[in-house]
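Chemist: Build me a model from this:
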Amino acid sequence: MNTGKTPENIFKRSILKNVKTRRSEVLTGASFGEDCAVLDLKEDEVAVMCEKLLTSEDGFVYEDIFNNVYAVGAKPVGIETALLLPVGYEETALKSLIKDLDGACKDGDVEIIGGDTSFTTSVNRPVMAVTVFAKAGKESYVKTGGAKPGDDIVITKWAGLKGTYLLARKYEEKLKEKFPASMILSALQFKKYLTVVYEAAPAVKSGVSAMHDASRGGIFTALWELAEASHVGLSVDLKRIPIKQETIEICNFFDLNPYNLDSSGAMVMTSTDGEKLVSDLNKEGIEAVCVGKITDSNDKVVINGDSKRFLEPFRSDELTKEYDL
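Modeler: Below you'll find the model as predicted:
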């Protein structure tokens, strides 16, 4: 297709026709000629919004686009997308992309409420900016910056989840030359763990004080950001941080640090009673473990036996090294 705005017939045929999920809160949603969405919230609710940038390079992994709002105890209502496509991008590919996105929204009962799709020479592959609109109770939403000294630190699932999945998908054949096919298949199945929807609600109910999705930069970055947002320090036992053997093997193969590898699907939480939080999560089928404590210092320390290291601000995800593999 040519440079510029999506033609009306293509918009209606390949985009609007494939938007299926509808929500009662959406008064004005995706429609030709409408430039804004209108949502209706109750008096005791607040609006929660966040953004996510997706590219075809990571295969448009939609499972984690709602994780940031789940992590504040909110429920997503709708999304708006700004989609930049290279000139010449086929309509059939656009239709498939929208179907896949709507399928991910259907799984979360989320409506595509609007957006913009353009064809441009500025990109040579599809780029999608997603804005998520969610709602939460005024008295029940959770902040990343809610941790207090003395709180226990809990991590759900495992470090490096999304990064391991992406590496296994991209280098499946290369990895099978080194490892059993069954191990690579197991790593590919990490995709089903990339949403945090199942742990967020029980964590809020349990009385969690802070939550943070461990995405780019991995577990170490999530720990740093939670502590910085809360103006506290922390002490974590490295050996207690949960990690899958598949992640260890694949990271060793590519010489990557699994604790700085994209861990979408895992969450860092804090609670005054970490063992209760772990128990409550386990009852919901969510693996979780206490890994340390929030402290009243500025130090963010990871202890490994007799040695310790200090966490540092986010610089880059280990996946960026993958481009040079």
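Chemist: my guess is Leu94 meets Leu84, correct?
Modeler: No - using C-beta atoms under 8 Å, Leu94 is not in contact with Leu84, being 11.9 Å away. Where C-beta positions appear, they are placed from N, C-alpha and C, glycine not excepted.
Chemist: At which residues are the helices of the chain located?
Modeler: Listed in chain order, the helices of the chain (DSSP state H) span 8-10, 67-70, 91-107, 161-170, 172-176, 181-188, 197-206, 218-230, 245-254, 274-283.
Chemist: Give me the more crowded residue out of Leu94 and Leu84.
Modeler: Between Leu94 and Leu84, counting by other C-beta atoms under 10 Å, Leu94 is the more crowded of the two (23 against 18).
Chemist: Let me know the distance separating the more buried one from Leu101.
Modeler: Going from Leu94 to Leu101 by C-beta to C-beta, to the nearest Å gives 11 Å.
Chemist: again with Ala229
Modeler: The value you get for Ala229 to Leu101, if C-beta to C-beta is used, is 30 Å.
Chemist: Between these two, which has more neighbouring residues?
Modeler: For Ala229 versus Leu101, neighbours defined as other C-beta under 10 Å are more numerous around Leu101 (24 against 15).
Chemist: Need the nearest residue in space to the more buried one, chain neighbours excluded.
Modeler: Closest residue in space to Leu101, ignoring its immediate chain neighbours: Tyr62 at 6.2 Å, by C-beta to C-beta, 6 or more residues apart in numbering.
Chemist: for that neighbour, what are its contacts?
Modeler: Contacts were defined as C-beta atoms under 8 Å, 6 or more residues apart in numbering; by that measure Tyr62 touches 54, 100-101, 104.
Chemist: What of Val46?
Modeler: 135-138, 141.
Chemist: What's the local residue count around the residue lying closest to Asn304 once chain neighbours are set aside?
Modeler: In this structure, Asn304 finds its nearest non-sequential neighbour in Leu238, 4.2 Å apart by C-beta to C-beta, 6+ apart. The tally of other residues near Leu238 (other C-beta under 10 Å) stands at 18.
Chemist: The one 4 residues further on now?
Modeler: For Pro242, the tally of surrounding residues (other C-beta under 10 Å) stands at 16.
Chemist: I'd assumed Gly160 was in contact with it.
Modeler: No - counting by C-beta under 8 Å, Pro242 does not reach Gly160; the two are 10.2 Å apart.
Chemist: For Arg240, give its distance to Ala147.
Modeler: Counting by C-beta to C-beta, the gap from Arg240 to Ala147 is 18 Å.
Chemist: likewise Asp44?
Modeler: For Asp44, the distance to Ala147 - C-beta to C-beta - is 25 Å.
Chemist: higher neighbour count, these two?
Modeler: Ala147 (27 against 10).
Chemist: ok so, going back, residues in contact with the residue nearest to Asn304?
Modeler: Shown in contact with Leu238 (C-beta under 8 Å, 6+ apart): 259, 302-304.
Chemist: Among those, name the ones in strands.
Modeler: Of those, the ones assigned to strands by DSSP state E are 302-304.
Chemist: can you put the residues you listed in CSV and add pLDDT and neighbour count?
Modeler: Listed next are the ones in strands among the contacts of Leu238 as CSV, based on pLDDT from 0 to 100; neighbours: other C-beta atoms under 10 Å:
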residue, pLDDT, neighbour count
Val302, 97, 21
Ile303, 97, 15
Asn304, 95, 11
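Chemist: Just the pLDDT at Arg240, thanks.
Modeler: The model reports Arg240 with a pLDDT of 97.
Chemist: tally of neighbours for it?
Modeler: 13.
Chemist: which residue sits closest to the residue nearest the centre of the chain in space, ignoring its chain neighbours?
Modeler: Computing the C-alpha centroid of the chain and ranking residues by C-alpha atoms, centre = their mean puts Asp64 first, at 3.5 Å. Among residues not flanking Asp64 along the chain, Ser264 sits closest, at 4.0 Å (C-beta to C-beta, 6+ apart).
Chemist: which ones are touching the one you found?
Modeler: 61, 63-64, 67, 161-162, 194, 213-215.
Chemist: Please identify, among those, the one with the most neighbours.
Modeler: Result: Ala214 is most packed of the contacts of Ser264 (other C-beta under 10 Å), 33 neighbours.
Chemist: Just send the ones in strands among the contacts of Leu238 back as JSON lines, with distance to Val268 too.
Modeler: Output for the ones in strands among the contacts of Leu238, formatted as JSON lines (distance: C-beta to C-beta, whole Å):
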{"residue": "Val302", "distance to Val268": "13"}
{"residue": "Ile303", "distance to Val268": "16"}
{"residue": "Asn304", "distance to Val268": "18"}
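Chemist: Kindly state the domain boundaries assigned to the chain.
Modeler: 4-137, 144-324 (automatic domain parsing).
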